[in-house]
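**Q** give me a 3D structure for the following:
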Amino acid sequence: MPLSEKDTNLQITGFTAAILAWLFCSVSMGLPQWRVWYFQEPMKSKPSMALVGLWRTCIYHNNNYSSNVRVCHRYNYHDSFIPLSIRVAQHLVLVSSFLGMAGTVSSIVALWKMYTERVRKNTTYNSFFFLGILNILTSSFVLFALLYNYLCIMRNEDIAFPPFFHIPSFPDTQKAGSALAVATLAAFFFVLSGTIFISFTFHPPRH
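**A** Numbers count the residues shown, from 1 in each chain. Modelled structure (predicted):
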């Protein structure tokens with residue numbers, strides 16, 4: 001089943017986009033910069049800034065040498081203080097990361113079978129169509145987590161952290177952190193790879 005240069009480039013682009021989407025999704029999950037909290041009048045018992053992530057919160061305190069001391073606290077599914085927006089994002093982004101990994105492995109198998117002609121072409125096209133739908137669905141998970149958290153940031157919603165965190169429930173100001181930008185890239189590349197795989201399904205290579 002010979003492939004034209006255009007078809008080959010299309011496959012490589014879709015595969016590359018899928019890998020980038022999975023990597024960006026996995027990286028965003030581990031970053032603490034989902035929400036950035038600022039405190040205008042830092043005191044000894046009050047931090048100057050806090051980074052609120054899906055799995056940890058990092059707090060910055062000013063010391064006597066005018067530098068920041070960073071302390072991070074991790075949390076998990078069993079912590080009751082986690083707000084619904086972060087809890088939903090934990091599940092969606094984690095599932096998206098696993099789906100992205102599964103999609104990447106499946107695309108490798110589909111490409112290998114196509115180039116080695118191990119299966120009939122209709123079966124291969126069905127595999128690419130399934131991968132396209134899977135990547136677009138995964139993108140919707142990441143996008144929902146993004147929008148939900150961004151809405152909470154715009155509303156300046158509070159988080160009732162445990163007392164040992166030594167952080168107020170409300171920041172003076174808060175904004176979206178760099179993790180949201182990384183997750184946005186993940187959603188974009190998931191959509192891009194899904195669209196490419198589906199378009200390849202409807203425009204099969206000619207003999």
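
**Q** give me the neighbour count for residue 77.
**A** 10 (other C-beta atoms under 10 Å). C-beta here means a position set from N, CA and C on the backbone, and glycine is covered the same way.

**Q** do residue 112 as well
**A** 10.

**Q** what's the answer for residue 154, then?
**A** Around residue 154 there are 11 residues (other C-beta under 10 Å).

**Q** show me the residue at the heart of the chain, geometrically.
**A** Taking C-alpha atoms, centre = their mean, the centroid of the chain lies closest to residue 25, which sits 3.1 Å from it.

**Q** how near is that residue to residue 174?
**A** Here residue 25 is placed at a distance of 23 Å from residue 174 (C-beta to C-beta, to the nearest Å).

**Q** next one: residue 198
**A** For residue 198, the distance to residue 174 - C-beta to C-beta - is 38 Å.

**Q** same question for residue 51.
**A** 10 Å.

**Q** can you show me the helices along this protein?
**A** Assigned by DSSP state H, the chain shows helices spanning 5-30, 84-116, 121-154, 178-202.

**Q** name the stretch among those helices that sits most buried.
**A** Among the helices of the chain, helix 178-202 has the highest mean neighbour count (mean count of other C-beta atoms under 10 Å), at a mean of 21.

**Q** quick check: mean pLDDT of it?
**A** For helix 178-202, mean pLDDT is 90.

**Q** just the angle between it and helix 5-30, please?
**A** Following axes from the mean of the first three to the mean of the last three C-alpha atoms, to 10 degrees, one obtains 150 degrees for the angle between helix 178-202 and helix 5-30.

**Q** who are the packing partners of helix 178-202?
**A** Using 3 or more C-beta pairs under 8 Å, 6 or more residues apart in numbering; DSSP states H and E, the elements in contact with helix 178-202 are helix 5-30, helix 84-116, helix 121-154.

**Q** before we move on, back to that, format the helices of the chain as TSV; extra columns: distance to residue 163.
**A** Putting the helices of the chain into TSV (distance: least, C-beta to C-beta, whole Å) gives the following:
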stretch	distance to residue 163
helix 5-30	26
helix 84-116	19
helix 121-154	22
helix 178-202	26
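
**Q** among these, which is nearest residue 167?
**A** helix 84-116 (14.6 Å; C-beta to C-beta).

**Q** before we move on, the earlier item: spit out the residues that contact residue 51 and residue 174 alike.
**A** Residues touching both residue 51 and residue 174 (C-beta atoms under 8 Å, 6 or more residues apart in numbering) are 35-37.

**Q** and those residues, which are buried?
**A** Buried by 16 or more other C-beta atoms under 10 Å: 35-37, out of those.

**Q** cool, thanks, talk later.
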